[in-house]
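Asker: I would like the atomic coordinates for the input below:
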Amino acid sequence: MRVSKRVAAIAAAGALSVAAPVVMQFEGLRTTAYLDPIQIPTVCYGHTLTASMGQTKSVAECEQLLRDDMQQALTGLAACVEPELQPHEWAALVSWSYNVGAGAACGSTLMRKLNAGAAPGEWCPELRRWVYAGGQRLAGLVRRREAELQLCLGR
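Answerer: As a prediction, this is how the structure comes out:
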């Protein structure tokens with residue numbers, strides 16, 4: 001299946017609507033740009049691509065950026081995930097990839113295990129390894145990965 005058709009099928013299955021509350025909870029809404037824990041300009045719900053210090057966005061603009069960024073995370077993942085997944089597994093991966101980037105996600109041990117046919121009980125716990133930013137273990141990432149793990153396992 002081509003990536004664009006696969007992305008549409010995954011989105012239709014509700015993965016993005018399940019992932020959105022997780023992303024929103026852990027990213028939080030900030031309409032004025034700020035520096036994240038590793039000093040990257042960030043705005044809205046963790047948007048970094050076009051963020052710059054001094055920038056402000058409306059809530060509606062932030063919601064659109066969230067939709068666009070989540071779609072981009074899903075598209076990046078769909079290009080490297082080989083097996084069919086359940087919507088809750090996709091949702092967990094989208095939240096994770098939204099945070100770490102599709103390049104990092106696609107090159108990860110988690111992805112190697114997933115694509116090698118491992119069961120979710122083996123590859124989902126790999127999410128727990130992604131709790132560092134700037135070389136430091138961050139409590140917020142620990143909490144986020146635990147929530148993503150529970151979602152990934154369907155709990």
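Asker: after the longest helix along the chain, next one along is what?
Answerer: Of all the elements of type helix in the chain, the one with the most residues (DSSP state H) is helix 59-78. Sequence order places helix 87-100 as the next helix or strand after helix 59-78, per DSSP states H and E.
Asker: Flag every buried residue along the helix or strand just after that following helix.
Answerer: Next along the chain after helix 87-100, taking DSSP H and E as the criterion, comes helix 102-106. By 16 or more other CB atoms under 10 Å, the buried positions in helix 102-106 come out as Ala102, Ala105, Cys106. C-betas here are computed from N, CA, C, even on glycine.
Asker: again, but for stretch 61-70
Answerer: Within stretch 61-70, the residues that qualify as buried are Cys62, Glu63, Leu65, Leu66, Asp69, Met70, counting by 16+ other CB under 10 Å.
Asker: any chance of those in JSON lines, with pLDDT and distance to Trp130 too?
Answerer: Shown next, in JSON lines, are the buried residues of stretch 61-70 (pLDDT from 0 to 100; distance: CB to CB, whole Å):
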{"residue": "Cys62", "pLDDT": "98", "distance to Trp130": "24"}
{"residue": "Glu63", "pLDDT": "97", "distance to Trp130": "26"}
{"residue": "Leu65", "pLDDT": "97", "distance to Trp130": "22"}
{"residue": "Leu66", "pLDDT": "97", "distance to Trp130": "20"}
{"residue": "Asp69", "pLDDT": "96", "distance to Trp130": "18"}
{"residue": "Met70", "pLDDT": "94", "distance to Trp130": "18"}
